[in-house]
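Undergrad: any chance you could fold what I've pasted below:
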Amino acid sequence: MAGRTLYYFVSDVHLGSSQDGPDGREREFVAFLKKLPPETKALFLLGDIFDFWYEMKYVVPCGYVRTLSALADLVDSGVEVYFIRGNHDWWTFGYLENKIGLKVVDQPYVFDAGGKRFCVGHGDELGDRSFKRMLMRKTFRSPVVNSIFRFLPTGWSFAIAHRWSEKRKPRRKIVGPYVYKGKDEPLFKYLDNFNAKLKAGGEKGIDYYVFGHFHSEGEFDIESGGRIYMLGDWFQRRGFIYFSGTEISRGNLPNMET
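TA: Coordinates of the predicted model:
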């Protein structure tokens, strides 16, 4: 891989979740960060890297010291580290940017690399107009709800948030992993429409889409052009996607080239 300009994409690590060996998962994620080749230009953290992340003026969630240190080292070495907030770690208010040096951007985020156009994000909410999703969005981002959350003692509020997050995962253990539905997914339809509008406006279309959230790997062609790559999670397979400047590929930590 020497001599190439590399771009890495990862999502749904869910650091802090008690399921499937949380300490080992963080150690392996830190190992991934430290193994990124020197040719790496950018790392895209596409949401739910943390199972729960909420910043207050003087307080951030405890733990993650090794992860935050490894991310800061990457930034100091010249790697551009982008963070797109997921539905579990949406509440960033300056700490990750100002103290760690991450570039927090909104989805869908579009950029060009190696002559290709990328569109990346976490994947939640895009195209999903269901009542449940819209209610959750309005509730969790409500200034009133957030004021109440900050008013509570952190020992209470953070404990409540962690319990809520953990209760959202048992269904996966009962019915098995989610299978991405391709053209039937609201996200697929959203991206197809998003790309069509870009091209109709005279802009270059998207070549590659990379998204997470669904905890399900998959690859599908978009009808208006380009190909979508769905990232899996880090509960089972420590996987990621990388772009070498000429082609896009999948990798995993055990087989990671250095």
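
Undergrad: how about Tyr109, nearest residue that isn't a chain neighbour?
TA: Distances taken as C-beta to C-beta, 6 or more residues apart in numbering place Val120 nearest to Tyr109, at 5.3 Å, with adjacent residues excluded. All C-beta spots, glycine's among them, are computed from the backbone N, C-alpha and C.

Undergrad: give the buried residues for the helix or strand harbouring the one you found.
TA: Here Val120 sits within strand 116-121, counting by DSSP states H and E. Within strand 116-121, the residues that qualify as buried by neighbour count (16 or more other C-beta atoms under 10 Å) are Lys116, Arg117, Phe118, Cys119, Val120, Gly121.

Undergrad: over to stretch 185-195?
TA: Going by neighbour count (16+ other C-beta under 10 Å), the buried part of stretch 185-195 is Glu185, Pro186, Leu187, Phe188, Lys189, Tyr190, Leu191, Asp192, Phe194, Asn195.

Undergrad: what sits against the third one?
TA: When you say that, I think you mean Leu187. By C-beta atoms under 8 Å, 6 or more residues apart in numbering, the contact set of Leu187 is Gly123, Leu126, Gly127, Asp128, Phe211, His213, Phe214.

Undergrad: same check, this time on the first one
TA: Under the criterion of C-beta under 8 Å, 6+ apart, the neighbours of Glu185 are Gly127, Phe214.

Undergrad: can you pull the pLDDT of it?
TA: We have a pLDDT of 83 for Glu185.

Undergrad: next: Tyr178.
TA: Tyr178 is assigned a predicted lDDT (pLDDT) of 63.

Undergrad: could you do Arg27 as well?
TA: For Arg27, the pLDDT comes out at 92.

Undergrad: what are the phi and psi values at it?
TA: Note on Arg27: its backbone torsions stand at phi -60, psi -40 [degrees, to the nearest 10].

Undergrad: for it, which non-adjacent residue is closest in space?
TA: Arg27 sits nearest to Arg66 (C-beta to C-beta, 6+ apart), 7.6 Å away.

Undergrad: perfect, I'm done here.
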